[in-house]
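Student: got a predicted structure plus its sequence, pasted below:
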Amino acid sequence: MIKKVGIIGGGTMGSGIAQVAATAGCSVKLYDTKTEALEKAKADLEKIMDRLVEKGKINSEEKQRIQNNIKYVNSLKELKDSDLTIEAIVENLDIKKNVFSTLEKFVSDDCIIASNTSSLSIASIASSLQKPERCIGIHFFNPAPLMKLVEVIPAVQTSEETLKISVKTITDWGKTVAVAKDTPGFIVNRVARPFYGEALRIYEEGIASFAEIDTAMKEIGGFRMGPFELMDFIGNDVNYTVTETVFEAFYYDPRYKPSFTQKRFAEAGYLGRKSGKGYYNYSDDVSPRAVEGDFDSEKAEQIFNRILVMLINEAADALFWNIASAEDIDNAMTKGVNYPKGLLAWADEKGIDWCVKKMDELYDEYHEDRYRCSPLLRRMSQGNIKFY
Ligand code: NAI
């Protein structure tokens, strides 16, 4: 049973994870090298708790209990009695490895040492430990207290026991766990790539505007945000870097090729909401995302189908490569990034034959490896098999 949790790094993710663990009743120590970061984490939590009390989600005793469960510490040694530690510091392999090997000297032999990394391999982080079998990826989504999904990623070195305890703990914390193989982007950051990439490509080919593509995805697909709104929300710098990292990590598989449009927007400082301008302008109060004039519904349908089938193909391929189970792949997308439906369930609904036909049409048109149909979809179509 995990009772004492150490969190390393008190930034956006670390402070959110500390709140989740403290709310679940764990005794948490939040460590950061910067005193300002700890002060900010503490002040932010106070504000969040006050808002939850105002909204009637918790009462003032619960607020007190949650806040009392978190101690803010400025030495790694303070984490020595932890049953589980989760690291959420800067995304740099050497710095993480250094912190992990130092931490291991203080904690007990059965303490689980986890990383919240989005893009580094868990195997490489685990290799810094004397007992790498205790290392695992526990990947939360931002904001951690609100997003239901947590990806749990065992490395090749991770023991069954470490995986079992991690899954149970995160489930006890009220989260939905998706277990993913230690491969680039895990589930969400891999399967979601075409949502951005194919939208950018459709724009770059001059087929449609940002607003037309967003409208098609929202109105036909039921997505809460269109790709361009979402990239503006995430930040074009952040989203571009994830794409570039995944592209490189997959040995430059053309399916994940980044877009010049997004690169230039990031370079220009058109980062999205945080800079006041991205694909849309956020500094005026005119609703920026409406399509001007009539929008051809046939064109909207084509745009939606093209992006959807690329997403389905990516999800099917993740299953083909045993990255996760079908249920976990679908849960990851609905609970990690709020997709209206699981992509594999969507494939069943559209028909596997339809998916294969659409992918082959794209391939016939472009003759690019980017549009290769997943062998799993083709096999399923030949055998008349569905995902569920
Ligand atoms: P952040 O920049 O908000 O916070 C990082 C914190 O770590 C800072 O307060 C910094 O002072 C502290 N820190 C840096 N080096 C340290 C060290 N050696 N020892 C102790 N503390 C140290 O970063 P954020 O966004 O919270 O990301 C943290 C990790 O979580 C990264 O690995 C990132 O890839 C991952 N992640 C981020 C997500 C996001 O949306 N921001 C989502 C999921 C994972």
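Tutor: That came through, no problem.
Student: and the host helix or strand of residue 150, what other elements does it pack with?
Tutor: Using DSSP states H and E, residue 150 maps to strand 149-154. In terms of contacts (3 or more CB pairs under 8 Å, 6 or more residues apart in numbering; DSSP states H and E), strand 149-154 is packed against strand 135-140, helix 160-172, strand 176-179, helix 326-336. Glycine gets a C-beta too; all of them are placed from N, C-alpha and C.
Student: what parts of the stretch 1-150 of the chain come near the ligand?
Tutor: Residues of the stretch 1-150 of the chain lying near the ligand by CB under 6 Å from any ligand atom: 8-14, 31-34, 37, 88-91, 95, 99, 116-118, 140-142.
Student: same thing but at 8 Å, please
Tutor: Counting by CB under 8 Å from any ligand atom, the residues of the stretch 1-150 of the chain close to the ligand are 8-16, 31-34, 37, 41, 76, 87-91, 95-96, 98-99, 115-120, 139-142.
Student: of these, select the buried ones using a PyMOL command.
Tutor: If you want just the buried ones from those in PyMOL, going by 16 or more other CB atoms under 10 Å, the selection is:
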select buried, resi 8+9+10+13+14+15+16+31+32+37+41+76+87+88+89+96+99+115+116+117+118+119+120+139+140+141
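Student: show me how the protein divides into domains.
Tutor: Listed by automatic domain parsing, the domain ranges of the chain are 4-179, 190-383.
Student: what would the ones you listed look like in CSV with mean pLDDT?
Tutor: Shown next, in CSV, are the domains of the chain (pLDDT from 0 to 100):
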stretch, mean pLDDT
domain 4-179, 97
domain 190-383, 95
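Student: residue contacts, residue 159?
Tutor: Counting by CB atoms under 8 Å, 6 or more residues apart in numbering, residue 159 touches 133, 134.
Student: if we go to 7 Å?
Tutor: Residues in contact with residue 159 (CB atoms under 7 Å, 6 or more residues apart in numbering) are residue 133.
Student: gap between it and residue 126?
Tutor: To residue 126, residue 159 is 11 Å away according to CB to CB, to the nearest Å.
Student: just to revisit the earlier point, tell me which of the helices and strands packed on strand 149-154 sits most buried.
Tutor: Of all these, strand 135-140 carries the top mean neighbour count, a mean of 26, counting by mean count of other CB atoms under 10 Å.
Student: contacts for that one, please.
Tutor: Contacts for strand 135-140 (CB under 7 Å, 6+ apart): 13, 16-17, 86, 112-118, 122, 125-126, 129, 147, 150-155, 157-158, 162-163, 166, 170, 182, 186.
Student: can you pull out the helices in the stretch 201-350 of the chain?
Tutor: For the stretch 201-350 of the chain, the helices defined by DSSP state H, counting those that start in this stretch occupy 210-219, 227-234, 236-249, 260-268, 297-320, 326-336, 343-350.
Student: surely residue 58 touches residue 52?
Tutor: Yes: at 4.8 Å, residue 58 counts as touching residue 52 under the criterion of CB atoms under 7 Å.
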